[in-house]
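Participant: When you get a sec, could you give me coordinates for this:
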Amino acid sequence: MNKIGPLSTFKASALVAFVFISLALSVHAEVVLPKIFSDNMMLQRNQPIHVWGWAKPSESVTVTFHGATAKTKADKNGNWKLSLKAMSHGGPYELVVKGKNTITLKNILVGDIWVGSGQSNMEWIVKTTNHAAEEIANGNHPQIRLFTVPKAMSFDTEKDLTGGQWLECNPETLGDFSAVAYFFGRKLNAELNVPIGLINSSWGGTNIQTWMSSDIMYTKDEYKKLDLPALRLEAKELPEKQRKYYDALQNEKGKSEKWYEPGYTDGWKKIVLPKIWEQTEIGNADGIVWFKKEFTLDAADIGSATLHLGPIDDIDETYLNGKLVGGTNGWNAERNYPIAGNILQPGKNILVVRVTDGAGGGGIYGAPEKLFLEINTKRIDLAGEWLYKVSVLNTQYGLQAGGPNAYPSQLYNAMIAPFISLPIKGVIWYQGEANTWEAERYKALFPELINNWRSKWNQQFPFLWVQLANFMAPDATPASSEWAALREAQSATLALPSTGQAVIIDIGEAGDIHPRNKQDVGLRLALSALHVAYNQDVVYSGPVYKSMQKTDNKLILTFDNVGSGLVIKDKYGYLKSFAIAGDDQKFVWAKAYIENGKVIVYHPDVKNPVAVRYAWGNNPDDANLYNQEGLPASPFRTDNWKP
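Facilitator: Numbering: from 1, shown residues only. This is a model prediction of the structure:
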């Protein structure tokens with residue numbers, strides 16, 4: 001957990017780059033490489049090695065790598081690109097680029113490069129996962145290389161990233177890297193004994209549209225009307241607007257007026273917490289908002305305590321009875337602050353939390369049960385009605401709320417396109433939570449994104465993804481579900497060649513959209529990669545629904561990918577999470593069992609069953625059909641009714 005520092009800590013996230021670097025790349029007095037090239041980098045094996053950059057127009061450029069040399073000249077705009085022969089895995093080597101100046105990159109490996117992309121569950125870092133300290137301590141893997149793409153947005157396809165560098169994987173570099181990507185790469189490296197390069201290009205809370213190229217998105221009816229020239233002009237005005245906004249953040253009135261003092265009562269409004277503030281009356285904005293909660297204690301309660309606030313997005317300063325008791329910079333870090341015995345008082349106590357949000361969702365957003373004060377064995381619930389007061393919001397300065405989701409293609413342009421010339425082995429994708437309300441549309445967009453990226457890379461690479469985990473409260477009775485419909489859209493995309501899906505319907509947490517178990521997510525993706533990308537004969541998937549037959553009042557289901565056979569993960573041997581319906585389309589929880597490698601589903605009150613659903617809900621936490629290799633069955637339905 002990072003303790004808060006000066007406001008400069010916040011600047012990078014608050015003023016996420018709108019990229020204008022392309023106009024700075026047109027003229028160079030020296031040879032320059034894109035930022036995806038650095039010491040410690042990975043180059044893709046068994047494919048021609050592309051090297052590119054910028055130089056003075058007509059300048060001769062020579063590249064030497066592992067005994068191979070190629071030459072070219074920069075064009076009239078200073079762009080140059082060349083290719084070296086394909087090589088098998090190995091290293092470390094040096095890459096030398098020579099024009100009027102010489103660039104030497106050291107400690108380079110040749111192996112397999114995998115790009116990890118999506119939203120916050122791909123972004124989620126190792127140091128906030130289960131067993132983080134142990135994982136980091138054991139994270140010395142010199143044959144694994146890590147690159148994190150900085151967050152940036154653009155209305156135009158950019159030539160370079162805003163920053164970033166390749167790092168050798170070790171306990172010093174691992175903690176802040178994508179957990180899913182790391183656990184995926186670690187498994188591949190162990191199984192293949194081949195160097196693995198991992199590029200993490202992800203952004204929490206983002207929808208699929210922002211990751212697709214503009215030539216695809218701006219042909220769609222809903223985006224044709226957007227005035228790109230006007231948007232570009234607006235973007236050019238951003239620096240001045242951002243300067244004013246940043247000045248307001250630095251001179252924030254809540255601190256100067258001491259809103260944290262118990263006696264400050266002006267202008268507070270009611271709000272219910274925990275909840276992302278974009279889902280409240282605060283609206284779709286970033287900035288600084290103060291929150292206040294009053295609670296009472298008996299004299300017997302006074303003493304040392306621990307304040308639990310759950311995760312806060314992004315930065316908090318927390319005050320109790322006017323005293324600063326803690327602060328953390330990290331949107332996914334749990335806040336647990338020890339409270340000295342002399343701070344609490346009998347009767348009324350005032351808790352004030354100053355929250356600074358840089359981009360995307362903001363506020364005190366964890367599960368309600370994570371918001372409490374712990375005094376010895378007593379628990380004071382803090383969820384429910386609070387007060388809030390806005391201090392500074394970006395929308396007050398004419399800045400666009402909504403960030404990368406406001407317009408399509410912004411993240412593709414700034415965070416994918418700049419390294420599209422780098423050959424890769426494949427892509428892993430963890431995204432969809434931001435599109436759960438539009439599953440039918442996602443069903444069309446997701447395969448389109450895959451084809452889009454393959455076309456831009458000019459590679460038919462493997463594309464693997466994580467199906468959405470179980471999340472929110474379990475259903476007491478069978479119900480329609482946006483999350484289940486989105487999972488169905490993801491599964492439908494398996495119709496594309498060279499694709500694979502990691503099912504994690506058993507890994508999620510009801511009260512947290514970010515499961516801490518990223519180890520099994522990475523492992524299941526890696527199993528899929530071993531099958532799809534490396535043609536290994538492994539059990540890579542749990543059972544997948546194949547067909548249904550009806551016998552009397554029972555429905556008999558067959559499955560693919562059963563491995564060594566179907567099993568039930570239940571100490572009583574009961575199959576759960578199956579629902580059955582007749583022509584009335586009214587689902588009820590069914591009885592189900594395994595017989596001769598098939599699943600038999602029935603309900604005594606459904607005399608003429610016609611449809612079955614399995615694990616169909618936001619959080620089917622009792623789903624327990626697996627294969628003997630321990631992989632869960634994928635959720636499915638046999639009907640095409642309202643999802």
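Participant: May I ask which helix or strand of this protein has the lowest mean pLDDT?
Facilitator: Among the helices and strands of the chain, helix 8-14 carries the lowest confidence by mean pLDDT, DSSP states H and E, at a mean of 40.
Participant: averaged over its residues, what pLDDT does the top helix by length along the chain have?
Facilitator: Ranked by number of residues, the top helix in the chain under DSSP state H is helix 439-457. Helix 439-457 carries an average pLDDT of 98.
Participant: now swap in stretch 328-346 and tell me
Facilitator: On average, stretch 328-346 scores 89.
Participant: contacting residues around Asp520?
Facilitator: Contact partners of Asp520, counting by CB atoms under 8 Å, 6 or more residues apart in numbering, are 504, 507. Where you see a C-beta, it was placed from the backbone N, CA and C, and this is true even at glycine.
Participant: pretty sure it is in a helix, no?
Facilitator: Yes: remark: Asp520 belongs to a helix, assigned using DSSP: H, G, I helix; E, B strand; the rest coil.
Participant: gap between it and Ile505?
Facilitator: Separation of Asp520 from Ile505 (CB to CB, to the nearest Å) stands at 12 Å.
Participant: Over to Gln490?
Facilitator: Distance of Gln490 to Ile505, given as CB to CB: 12 Å.
Participant: Spell out which residues are contacts of both of those two.
Facilitator: Both Gln490 and Ile505 are contacted by Gln467, under the criterion CB under 8 Å, 6+ apart.
Participant: Buried residues in stretch 298-318, which are they?
Facilitator: Neighbour counts over stretch 298-318 (16 or more other CB atoms under 10 Å) mark 301-302, 305, 307-318 as buried.
Participant: Can you give me the end-to-end span of that stretch?
Facilitator: End-to-end span of stretch 298-318 (CA to CA, to the nearest Å): 22 Å.
Participant: again with stretch 168-181
Facilitator: End-to-end distance for stretch 168-181: 14 Å, by CA to CA.
Participant: roughly how far out does it sit from the chain middle?
Facilitator: 15 Å (CA atoms, centre = their mean, to the nearest Å).
Participant: now swap in stretch 634-642 and tell me
Facilitator: 27 Å.
Participant: Contacts made by that stretch with the rest, please.
Facilitator: By CB under 8 Å, 6+ apart, stretch 634-642 touches 467, 480, 484, 487-488, 491, 501, 503, 505, 541-545, 548, 555, 581, 585, 610-616, 620, 623, 643.
Participant: Strands - which of those residues land there?
Facilitator: Counted as lying in strands by DSSP state E, out of the contacts of stretch 634-642, are 501, 544-545, 548, 555, 581, 611-614.
Participant: So which of those residues is the closest to Ala55?
Facilitator: Closest approach to Ala55 among those (CB to CB): Gln501, at 43.7 Å.
Participant: all helices for the stretch 401-550 of the chain, in order.
Facilitator: With DSSP state H, counting those that start in this stretch, the ranges of helices along the stretch 401-550 of the chain come out as 410-411, 439-457, 482-492, 519-532.
Participant: Rebuild those as JSON lines, extending it with distance to Lys576.
Facilitator: Listed next are the helices of the stretch 401-550 of the chain as JSON lines, based on distance: least, CB to CB, whole Å:
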{"stretch": "helix 410-411", "distance to Lys576": "39"}
{"stretch": "helix 439-457", "distance to Lys576": "24"}
{"stretch": "helix 482-492", "distance to Lys576": "16"}
{"stretch": "helix 519-532", "distance to Lys576": "20"}
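Participant: right, so of the ones you listed, which gets closest to Leu95?
Facilitator: helix 439-457 (21.0 Å).
Participant: In the closest one, which residues are buried?
Facilitator: Neighbour-count burial for helix 439-457 flags 439, 442-443, 445-450, 452-454, 456-457 (criterion: 16+ other CB under 10 Å).
Participant: ditto for stretch 189-208
Facilitator: Neighbour-count burial for stretch 189-208, counted by 16+ other CB under 10 Å, picks out 189, 192, 194-208.
Participant: Look at the nearest residue to Ser201 once chain neighbours are set aside and say how many residues are nearby.
Facilitator: Leaving aside its chain neighbours, Ser201 sits nearest to Val149 (3.9 Å; criterion: CB to CB, 6 or more residues apart in numbering). Val149 is flanked by 25 other residues according to other CB atoms under 10 Å.
Participant: Can you give me the distance of Val149 to Glu261?
Facilitator: Counting by CB to CB, the separation of Val149 from Glu261 is 42 Å.
Participant: so how far is Leu43 from Asn207?
Facilitator: The value you get for Asn207 to Leu43, if CB to CB is used, is 32 Å.
Participant: what's the answer for Thr499, then?
Facilitator: Per CB to CB, Thr499 is found 25 Å from Leu43.
Participant: Which one's more surrounded, these two?
Facilitator: Neighbour count, other CB under 10 Å: between Thr499 and Leu43, Leu43 has more, with 27 against 19.
Participant: sec struct for Leu146, please.
Facilitator: Applying three-state DSSP to Leu146 yields a three-state assignment of strand.
Participant: That one is in contact with Trp166, isn't it?
Facilitator: Yes: between Leu146 and Trp166 a contact is recorded at 7.0 Å, counting by CB atoms under 8 Å.
Participant: What segments of this protein are helices?
Facilitator: Along the chain, the segments classed as helices by DSSP H run 8-14, 120-123, 132-137, 179-192, 214-217, 221-224, 228-236, 238-250, 253-256, 410-411, 439-457, 482-492, 519-532.
Participant: between those, which gets nearest to Asp357?
Facilitator: So among those, helix 8-14 is nearest, using CB to CB, at 8.3 Å.
Participant: before we move on, back to that, could I get the helices of the chain as TSV with distance to Gly67?
Facilitator: Shown next, in TSV, are the helices of the chain (distance: least, CB to CB, whole Å):
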stretch	distance to Gly67
helix 8-14	41
helix 120-123	37
helix 132-137	37
helix 179-192	24
helix 214-217	39
helix 221-224	49
helix 228-236	45
helix 238-250	47
helix 253-256	61
helix 410-411	38
helix 439-457	27
helix 482-492	44
helix 519-532	30
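Participant: Many thanks, have a good one.
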